[in-house]
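In: here is my input; please provide its structure:
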Amino acid sequence: MLRLAAILLSYVFSLPANAWWEKEHQVVAIIAQNNLSEHARQQVHQLLDGDSLASVASWADSVKSDPKWSHTKRWHYVNFADNDSPQKHIPIPAGDILWALNYAYQDLQKPSATKQSKRDSLMFFVHFVADIHQPLHAGKFADTGGNRVAINWFNSPRKQNLHKVWDGLLTATKMNAEDYAKKIDRASKSQRVQWQNSSFADWAEESVELRPQVYDFGAAKNDKTVKLGRWYSKKNKAVAEKRLQQAGVRLAFHLNQLFAK
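Out: Predicted coordinates:
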């Protein structure tokens, strides 16, 4: 399933983006797992042959280098110009994350789909729900989702870019994924209900709406390399953690709906 490589060849809009790093994907999956209904938990357990959501959360990244799945690289993101509206966006067939989210979720609902097909779709869906909540996975065409914005992060000699800052540098912690998920999964019941009442396009729109904050570098000079550190981290870490939590809550909601009795 999901192997329409020929269609992809006609859509060359930007360089492939990375994704939340492995721990961040695990955090989203753990939050989702903790919010599943008992029936949904049983269905996921059966579909994944006993594997947890966290254990498969980064599978979609791991297969991008496999020729069998190389056509999925563009499923991890979508780019918008500053004046574009995600609500008016027509997903590119087999070519962006909004299409992939819909396709994977629909495949999971098909009675005729094989178990392997549904397993693949579930692993993609788990991953892409997280990805669309990373603000730069609904990024700018001009800099390919922040990949072309060079960053000096806390004066480290290692070259970074803005996309990597939001992938995991902002949320870097010595805590394991389980403890970090527990720490940030603090939303009230009313907040969860509000987050659940949203579409895939809404998630992309939220990411786009964060763009002014993502690109606010304060006093840092916007030269070839932008120096960012404590000020930027303090201003944005809570935002990144909220996006992780929203992704986990929404993933659980969609799986609970999917596997409702």
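
In: ok, the nearest residue to residue 186 once chain neighbours are set aside - how many residues close by?
Out: Excluding its sequence neighbours, the residue lying closest to residue 186 (C-beta to C-beta, 6 or more residues apart in numbering) is residue 245, at 7.5 Å. Every residue, glycine included, has its C-beta placed from N, CA and C. Neighbour count for residue 245, taken as other C-beta atoms under 10 Å: 22.

In: then residue 30?
Out: 23.

In: for it, helix, strand, or coil?
Out: Under DSSP: H, G, I helix; E, B strand; the rest coil, the three-state class of residue 30 is helix.

In: likewise residue 152?
Out: Secondary structure, three-state DSSP: residue 152 is strand.

In: my read is that it contacts residue 228, right?
Out: Yes: between residue 152 and residue 228 there is a contact under C-beta atoms under 8 Å: 7.1 Å.

In: pLDDT score for residue 133?
Out: What the model reports as pLDDT for residue 133 is 98.

In: that one against residue 203, yeah?
Out: Yes: under the criterion of C-beta under 8 Å, residue 133 makes contact with residue 203 at 6.1 Å.

In: excluding chain neighbours, what is closest to residue 40?
Out: For residue 40, the spatially nearest residue (C-beta to C-beta, 6+ apart) is residue 259, at 4.1 Å.

In: what about residue 152 and residue 228, which has more around it?
Out: More crowded of residue 152 and residue 228, by other C-beta under 10 Å: residue 228, with 23 against 16.

In: show the backbone phi and psi for residue 226.
Out: Torsion angles at residue 226 (phi, psi; degrees, to the nearest 10) stand at phi -90, psi 130.

In: I'd like to know how far it sits from residue 180.
Out: 27 Å (C-beta to C-beta, to the nearest Å).

In: quick check: which element contains the residue nearest to residue 186?
Out: Element membership for residue 245, per DSSP states H and E: helix 230-258.

In: buried ones in that helix?
Out: For helix 230-258, burial by neighbour count (16 or more other C-beta atoms under 10 Å) applies to 232-233, 236, 240-256.

In: how far off centre is it?
Out: 10 Å (C-alpha atoms, centre = their mean, to the nearest Å).

In: which residues in this structure form helices?
Out: Remark: helices assigned in the chain by DSSP state H are 5-8, 22-34, 38-47, 53-56, 59-62, 97-109, 115-133, 162-164, 177-184, 189-196, 200-209, 211-214, 230-258.
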